[in-house]
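S.K.: Following is a predicted model, sequence given first.
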Amino acid sequence: MPDFSGVHPGPSVTDCMALSQPGPHLFILAVDSHRVHPKKAEDDVDALRKHFGDDVIKHLVVMVKDMDSYQALSPLEDRLGFRLATASENMQRQCKEWSTGPAYNYQQSMKLLLSQRRKVLETQMRDQPHPAAQRPSTDTKTQSGPSSSQTDVDPPEPAPERTADGEVAGGPASSQTADGPEQSAPECTTDVKPAGQSDNVFSMVLVGQTASGKSASANTILSTLSYYKLYKHRFKSELKSVPVTTRCEAVTLKAFGVKIRIVDTPDFFHDQVENGEAELEACRRYCHPERCVVLLVMRAGRFTDGERTLLEELEEKMGWRVRDKTVILLTHGDDLPADCDQDQYVNGQKELRDLVFKCSDRCVVFKNTSKNPQQVMELITKIPDYKKIFPKLTNAISKSPLLFMMATPF
């Protein structure tokens, strides 16, 4: 186990718990001679409680080298509730005796710990002024008029982009004042930039056939990354054989210190989608190779003829190797047999396995009815170069083993 005394233990704690499912019977905290001091030892115990919850105390043995150290820390034994022992030749027998009770349940303790942490974060968010309330002064200068990139034959623009709160991006909150720079609210994207030109927003573009679960997946991602907000906007999602999403629709929010744009798209190749080519062109404007990930959405248990060639068709229409920035997203994971994991399912279908291989084995399964944020965190870490795109997230993962379970979009 890592050293808890001065640094965060890192992801190896989660790995250790995974190898001892549902949890270990015993935690042994070995206290070095230079930390045999009530204050230092209490700090070490508090570090364990921080990472494993209060229930860890019932399973904790603090091990010291000699009787002098034992006497120095004995006042803490009754006050904090752990066992205190000295190292001896009988350790193996003692450990068996100490482990006769029920095992420490890591998952149950984490649920309580995460619930407490979530309440703290929600309180912090409520105490902060809402971005929508930070309006510029009345002497703002709004920009109007058509985009300079428009031509006489420009395709229709996508639906007005919105923030996760339901505000139209580029409304009053994003206009520029006469006395200062642009406000911090999301910038105006109604006048969309031409294809191939990148803004400073990372786009997550969901593409796929009708009824594959694109909109439901977009809502799952949106609700996880903005869980602390009572967001007004949701992508329309219905289980129908005819297209529900008929034009590109985008919502922006900020998570992990990065502006993220979630883009829901229609089935470009469906006969009942009007202006399919125009909507495909609108989608291209969000798909800058250096600032996007394409989520190719498919329903688990269904692999259609159109999906077999969808990746190649997208690459032909987009004009670049989309597969280099694609993650296969399988929806309706609830429908998979309980004893069938993702790898077994993918490897059991040759054509699907070949498609996943083309995308460098980047594949995740979503249960859109689940509120577990870990599935979205897994998706984030499948994004090519995610460590460069989300440096704050990468730094947090390296410091805290609970990041994947908390999925806190700071």
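M.R.: Noted; the coordinates are in hand.
S.K.: Got the confidence number for Thr252?
M.R.: Listed pLDDT for Thr252 reads 90.
S.K.: just checking, Tyr386 touches Glu378?
M.R.: No: at 11.0 Å, Tyr386 does not count as touching Glu378 under the criterion of C-beta atoms under 8 Å. All C-beta atoms are positioned from the backbone trio N, CA, C, and that covers glycine.
S.K.: Mind listing the shared neighbours of the two?
M.R.: Common contacts of Tyr386 and Glu378 (C-beta atoms under 8 Å, 6 or more residues apart in numbering): none found.
S.K.: Quick check: which element contains Lys259?
M.R.: strand 258-264 (DSSP states H and E).
S.K.: So for the helix or strand following that strand, mean pLDDT?
M.R.: In the C-terminal direction, the helix or strand that comes right after strand 258-264 (DSSP H and E) is helix 276-284. Average pLDDT, helix 276-284: 81.
S.K.: so helix 276-284 versus strand 258-264, what angle?
M.R.: 170 degrees (axes from the mean of the first three to the mean of the last three C-alpha atoms, to 10 degrees).
S.K.: Now helix 276-284: buried residues?
M.R.: Buried residues in helix 276-284, counted by 16 or more other C-beta atoms under 10 Å: 276, 278-284.
S.K.: As CSV, those with distance to Ser370 would be great.
M.R.: Listed next are these as CSV, based on distance: C-beta to C-beta, whole Å:
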residue, distance to Ser370
Gly276, 32
Ala278, 35
Glu279, 30
Leu280, 31
Glu281, 35
Ala282, 31
Cys283, 28
Arg284, 32
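S.K.: and which of these is nearest to Asp43?
M.R.: Nearest to Asp43 among the buried residues of helix 276-284 is Cys283, at 53.0 Å by C-beta to C-beta.
S.K.: and of the buried residues of helix 276-284, the nearest to Arg321?
M.R.: Among the buried residues of helix 276-284, and counting by C-beta to C-beta, the member closest to Arg321 is Arg284, at 14.2 Å.
S.K.: Verify the stated contact: that closest one with Met318.
M.R.: Yes: counting by C-beta under 8 Å, Arg284 does reach Met318; the two are 5.9 Å apart.
S.K.: Next, give me the two most distant ones among the buried residues of helix 276-284.
M.R.: Farthest-apart pair in these is Gly276 and Arg284; separation 12.8 Å (C-beta to C-beta).
S.K.: Going by distance to Arg49, which of the buried residues of helix 276-284 wins?
M.R.: Cys283 (48.6 Å).
S.K.: quick one: the helix or strand encompassing Lys254 to strand 258-264, angle?
M.R.: For Lys254, the enclosing helix or strand under DSSP H and E is strand 249-255. Here the directions of strand 249-255 and strand 258-264 differ by 160 degrees (the same axes, to 10 degrees).
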